[in-house]
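Chemist: Just the structure for this:
(chains A, B, C and D)
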2 protein chains.
Amino acid sequence: MNQTAEATFRALADPTRRAIVALLAERDLTIGAVAENFDMTRPAVKKHLTILEQGALIQVEAKGRERINRLNPQGLQAVTDWVAQIDLFWSRRLDTLKDIIERETKND
Amino acid sequence: MNQTAEATFRALADPTRRAIVALLAERDLTIGAVAENFDMTRPAVKKHLTILEQGALIQVEAKGRERINRLNPQGLQAVTDWVAQIDLFWSRRLDTLKDIIERETKND
DNA sequence: TAAATATGAAACCAATAAGTTTCATATAGG
DNA sequence: CCTATATGAAACTTATTGGTTTCATATTTA
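Modeler: Numbers count the residues shown, from 1 in each chain, chains lettered A, B, ... in the order given. Here you go, the predicted model:
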């Protein structure tokens, strides 16, 4: 597991941050616009956005005095990749079990 | 997002717990056997296992005085489902952008 | 049945996380 | 230029988390 995946899973642990990801999947938003969707202060939302950026889940583009927050699919890919790796181990194991059963059946 | 997914993301936030999931993808293990793989006390590992169970990432089977910990693919599925939903929003958005560009091109 | 083994659970501690308030800075607009 | 707007960042508070030690309980097994 690389450093980015570490930060990515940490970022997704919080429900507010997952909600922000869902918001940004639909449209790019400034920090203030994101904050309007939550019952907390703007600085709190800004902290969440920083953690999402560290987890490569969003990218931030400076545009004048605004900061445009945009979803970065690479972060989600890191999650998908990790799950796929676990699934691979798991399926190999099921295959082994199937082999064992088939071998035993053949010996009947 | 349902309650299980909430607990699942929380469970995966910790690197030790992700390592436990990777271990259990290869073979079922007792609590003690899991603990042998980490530089921490057995009670600490047991706490991690409890959190993984709450997140539906593992299932625990009592067998005499032992507790067999087994991977539960349903927990991973919850993660995959969430990512797929975000990807869906994102791809819809790209489609919309593509439509806009095509429409503009047609007007040239 | 007594000793060893595997686990459960409570009490406690230090670090981190999530939120707040407050103030500073940079850009837009009239 | 002056004011409003959008954000940055520090300091602080409280709750949660991840870990420990300690002791109790339930099964095996000699």
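
Chemist: Run through the bridge partners of A:R70.
Modeler: The bridge-partner assignment for A:R70, based on DSSP bridges, gives A:Q59.

Chemist: okay, now it: neighbour count?
Modeler: A:R70: 12 surrounding residues under other C-beta atoms under 10 Å in any protein chain shown. (C-beta placed from N, C-alpha, C; glycine too.)

Chemist: Quick check: pLDDT value at it.
Modeler: A:R70 is assigned 98 on the pLDDT scale.

Chemist: ok, now the one 5 residues further on?
Modeler: With respect to pLDDT, A:G75 scores 96.

Chemist: same thing with A:N107?
Modeler: 61.

Chemist: now swap in A:Q3 and tell me
Modeler: Per-residue confidence (pLDDT) for A:Q3: 63.

Chemist: With the one 3 residues further on instead?
Modeler: A:E6 is assigned 93 on the pLDDT scale.

Chemist: Can you tell me the element it falls in?
Modeler: helix A:3-12 (DSSP states H and E).

Chemist: now A:V79
Modeler: A:V79 belongs to helix A:73-106, assigned by DSSP H and E.

Chemist: close to chain B, is that helix?
Modeler: Yes. Counting by C-beta under 8 Å from any C-beta of the partner chain, chain B is contacted by helix A:73-106 at A:P73, A:L76, A:V79, A:T80, A:W82, A:V83, A:Q85, A:I86, A:D87, A:F89, A:W90, A:R93.

Chemist: now the angle from that helix to helix B:73-106?
Modeler: 130 degrees (axes from the mean of the first three to the mean of the last three C-alpha atoms, to 10 degrees).

Chemist: For chain A, list the residues in contact with DNA strand D, please.
Modeler: A:T30, A:I31, A:G32, A:A33, A:R42, A:P43, A:K46, A:V60, A:R65, A:E66, A:R67 (C-beta under 7 Å from any atom of the strand).

Chemist: related to what we said a few turns ago, nearest to chain B among the residues of helix A:73-106 next to chain B?
Modeler: Closest to chain B out of the residues of helix A:73-106 next to chain B is A:F89 (3.7 Å), distances taken as C-beta to the nearest C-beta.
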